[in-house]
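[1] generate a structure from the sequence data that follows.
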Amino acid sequence: MELRRWFILTCILALACAVSLARAATGELRTHTQIVTAGDIEYAIEVAGTIDPENVEIRIENLGDTPVIDPRLTVNGLYDWFDIASLAAEITRGCTTDEEKALAIWEWVHWRRFQRSPNDESALHPVRAMNGYGYGICGHTASWIKALCRAAGLEARVWEIAGHTVSEVFYNGGWHMLDGNVKVFYLARDNRTVAGMAELMKDGWLIERSIHPRDPWVRGNDVSWRNREFVHYLTTERDNWISDGYDSENRKNYSMSMTLRPGETLTRWWEPRLAKFESPDKDPLAPVRYANGQLVWEPDLKKIDLLDYCHFERWDNISSRQRDGFDPAVHVAEFQDESYSRPSRFDIPTASSYPVVGSRFQARVFKSDQGRDRLTVNFAGPGWGGGDEVYNFQWGGGTENIDLLLDPFVYKNAPVYTYRLVFLVASGKNSGRQERSGLESFRLVTDLQVSPYGLPALSLGRNVIRWRDSLPGERKVRITYTWRERSDNTPPGVVDRAVSPDRFGTLTPILEWQPARDPDKGDGLADYQVMLSLRPDCRWPLSPATYRNVGSADCRWQVPESFLLPATTYYWKVRARDSRGAVGKWGDVFSFKTAEKIEQAKR
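    Below is the predicted model:
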């Protein structure tokens, strides 16, 4: 008996230990709820752990009796991607020259996208694309850069180069090619400036000596065919032309403007909780990374007049409990008869600033049992048409609970940002009784696709949340953040000591540094990344070829030939990645100066 008890106790302790370890690895779910009653407020959320948390959910609920217009959340001054002006202002914050603005836009675009083409022409606009999708191909990225440059006060244009699309930005008196899709620009022959298309079309060596990284972290040598591919794209100048074809979309005034009606909730997840995404294919491949959200409207129709939020005309013969005292909540105003047989009509519209990828309508409806009585519901896109019938209550009478999955109709009309539920209702007079057909209550769920890059994410430490809206009067909004703190890994420390001298007599020096330290027991260092720049702040590389991975834990990297100039000061920095993928912060900026006279091979 004692042995059995010991065995059971051992199993319980082992299970408890396993659960404890799992919690330590993944962290407990944490929530923070804030009630907002003003149109512009700030509050703070503290996040503990050793690395950035796993952001799970952000929920905004309109608890008041009035619509909340243009809800906006930022975290530590980031994620204000409401419109093209706010997006460009965030990206170029702190930039003082046109060159800095152009490079900041190029860098921002290539760090926040992956290769996939949305089935949505409006995704050629960066506000639509980066809030709703987070992906695009070369034409999209060139279009985004042009639109963002325009918003930042820069002149930009798009080049089609027969197999690829790139952008070119004008600053410092000339044009400079910036490819946000391939994460590349090409250093000109002077080894100081970014080359433009005119120079690249004549000089394939500028392309040959560079690299074309596929990933923001993994930056190694090109395979030979990939290098030849881009040389061919750019130097076959008869196939290259300037295109304005994307301007029809990227010049539009898209924004994330939306309205939360009373009783409506906007929930967004950082993961594809619903596994729904846009696609024109029958058996589509899921995007590499995407997220979902939902708009859920379940209004209290005893408190609000639904018709205040519906589309109808004065001749549509529709009324509400608040307007005439009759039930149900929305119903036929005047009974239909032989002289007036036209059904009553009202539309419940839904508008989202995110792409709609599904919908469900659950409701309680009433129809009196008369020969003329009926109640139908149609699904319709924007406009005023009747749409497709999704429900018909024709025979019998009384109350019915309905549950309509509208996904097939949403996908049929994709991409969708607005849709309507069209109600056609008729009631014949019943021997003086006042029973009228109509809608008593409902719950409308709208499924959304969301880009996880654009969500207002919490990070490790203190997070200052700013809420803004455009509602002039009173509001009552509840904001709930849910996240999981992480202490399962600690990033490597910074590289703060260089071994290399501060002067070099060669144009292909070897840069050396003291190894970073990883505080986690058992973790090793897997790789280093080095950036070499002409800028003292080392914000952007001299060339993509001087922004490289070492590919190992070796604390040394040789600068490739042909990029450095004599008698010139260069700046460099390093960051480390551990064996579990955690990336440390950039370390101190080091510098060196090349000798006054160094022979360099000519090409």
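
[2] can we go C-alpha only for contacts and neighbour counts from here?
    OK.

[3] contacts only, for G136.
    When contacts are counted by C-alpha atoms under 8 Å, 6 or more residues apart in numbering, G136 touches R113, F114, Q115, R116, S117, P118, A123, A129.

[4] and it, how far from R289?
    With distances taken as C-alpha to C-alpha, to the nearest Å, G136 is found 12 Å from R289.

[5] swap in N221?
    26 Å.

[6] same question, W513
    35 Å.

[7] can you check F230 too?
    For F230, the distance to R289 - C-alpha to C-alpha - is 27 Å.

[8] neighbour-wise, which of the two wins?
    Between F230 and R289, counted using other C-alpha atoms under 10 Å, the more crowded position is F230 (19 against 16).

[9] quick one: that one is in a strand?
    No - secondary structure of F230 (DSSP: H, G, I helix; E, B strand; the rest coil): helix, not part of a strand.

[10] if I look at it, how far off is W108?
    F230 is 22 Å from W108, by C-alpha to C-alpha.

[11] repeat that for E389.
    E389 is 45 Å from W108, by C-alpha to C-alpha.

[12] contact partners for Y570?
    Contacts of Y570 by C-alpha under 8 Å, 6+ apart are L532, S533, L534, R535, P536, S591, F592, K593.

[13] by neighbours, which of the residues you listed wins?
    Going by other C-alpha under 10 Å, L532 tops the contacts of Y570 with 26 neighbours.

[14] specify the beta-bridge partners of that one.
    W572 (DSSP bridges).

[15] wait, it sits on A545?
    No - using C-alpha atoms under 8 Å, L532 is not in contact with A545, being 9.1 Å away.

[16] now the buried members of the contacts of G136.
    R113, F114, Q115, S117, P118, A123, A129 (16 or more other C-alpha atoms under 10 Å).

[17] closest one of these to T236?
    Within those, proximity to T236 (C-alpha to C-alpha) peaks at Q115, which comes in at 24.2 Å.

[18] correct me, but the closest one touches G134?
    No - using C-alpha under 8 Å, Q115 makes no contact with G134, being 9.3 Å away.

[19] in JSON lines, list the buried ones among the contacts of G136 along with distance to E249.
    Output for those, formatted as JSON lines (distance: C-alpha to C-alpha, whole Å):
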{"residue": "R113", "distance to E249": "19"}
{"residue": "F114", "distance to E249": "20"}
{"residue": "Q115", "distance to E249": "20"}
{"residue": "S117", "distance to E249": "15"}
{"residue": "P118", "distance to E249": "14"}
{"residue": "A123", "distance to E249": "8"}
{"residue": "A129", "distance to E249": "11"}
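
[20] can you tell me which of those residues is nearest E99?
    R113 (22.2 Å).

[21] so how far is L525 from the closest residue to that closest one other than its chain neighbours?
    What sits nearest to R113 in space, not counting adjacent residues and going by C-alpha to C-alpha, 6 or more residues apart in numbering, is Y135, at 4.7 Å. In this view, Y135 and L525 are 31 Å apart by C-alpha to C-alpha.

[22] related to what we said a few turns ago, and the residue nearest to R113, what is it in contact with?
    Neighbours of Y135 in contact, by C-alpha under 8 Å, 6+ apart: R112, R113, F114, Q115, R116, S117, P118, A129.

[23] show me what contacts P382?
    P382 neighbours (C-alpha under 8 Å, 6+ apart): T418, Y419, R420.

[24] I'd like to know how many residues surround the second one.
    What it means is Y419. 23.

[25] likewise G220?
    Around G220 there are 18 residues (other C-alpha under 10 Å).

[26] that one reaches S552, doesn't it?
    No - contact status for G220 versus S552: not in contact, 11.5 Å apart, counting by C-alpha under 8 Å.

[27] what residues are bridge-paired with the nearest residue to V288 once chain neighbours are set aside?
    Of all residues not flanking V288 in the chain, F114 sits nearest, at 7.6 Å (C-alpha to C-alpha, 6+ apart). Here F114 sits in beta bridges with Y135, going by DSSP bridges.

[28] where does pLDDT dip in the chain?
    1-26, 280, 430-433, 599-603 (pLDDT under 70).

[29] so Q362 sits in a strand?
    Yes - under three-state DSSP, Q362 sits within a strand.

[30] want to throw the contacts of G136 into JSON lines with distance to Y571?
    Output for the contacts of G136, formatted as JSON lines (distance: C-alpha to C-alpha, whole Å):
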{"residue": "R113", "distance to Y571": "28"}
{"residue": "F114", "distance to Y571": "30"}
{"residue": "Q115", "distance to Y571": "32"}
{"residue": "R116", "distance to Y571": "35"}
{"residue": "S117", "distance to Y571": "38"}
{"residue": "P118", "distance to Y571": "40"}
{"residue": "A123", "distance to Y571": "38"}
{"residue": "A129", "distance to Y571": "35"}
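
[31] what ranges does the stretch 1-150 of the chain have for its strands?
    29-36, 40-47, 51-62, 68-69, 72-75 (DSSP state E, counting those that start in this stretch).

[32] likewise the stretch 151-300 of the chain?
    With DSSP E, counting those that start in this stretch as the criterion, the stretch 151-300 of the chain has strands spanning 155-160, 165-171, 174-178, 241-243, 259-260, 264-269, 291-297.

[33] could you measure from the residue nearest the centre of the chain over to S255?
    Geometric centre of the chain, nearest residue: S451, 2.8 Å, by C-alpha atoms, centre = their mean. Going from S451 to S255 by C-alpha to C-alpha gives 15 Å.

[34] with R30 instead?
    Distance from R30 to S255, by C-alpha to C-alpha: 31 Å.

[35] could you do T569 as well?
    Relative to S255, and taking C-alpha to C-alpha, T569 is found at 44 Å.

[36] next one: L73
    Taking C-alpha to C-alpha, one finds L73 at 14 Å from S255.

[37] which one of the two is surrounded by more residues?
    L73 (23 against 20).

[38] ok, now which ones touch that one?
    Y79, D80, P456, I465, R466, W467, R468.

[39] the residues you listed into TSV, with extra columns for distance to E42 and secondary structure?
    Converted to TSV, the contacts of L73 look like this (distance: C-alpha to C-alpha, whole Å; DSSP: H, G, I helix; E, B strand; the rest coil):
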residue	distance to E42	secondary structure
Y79	15	coil
D80	14	coil
P456	14	coil
I465	5	strand
R466	4	strand
W467	6	strand
R468	9	strand
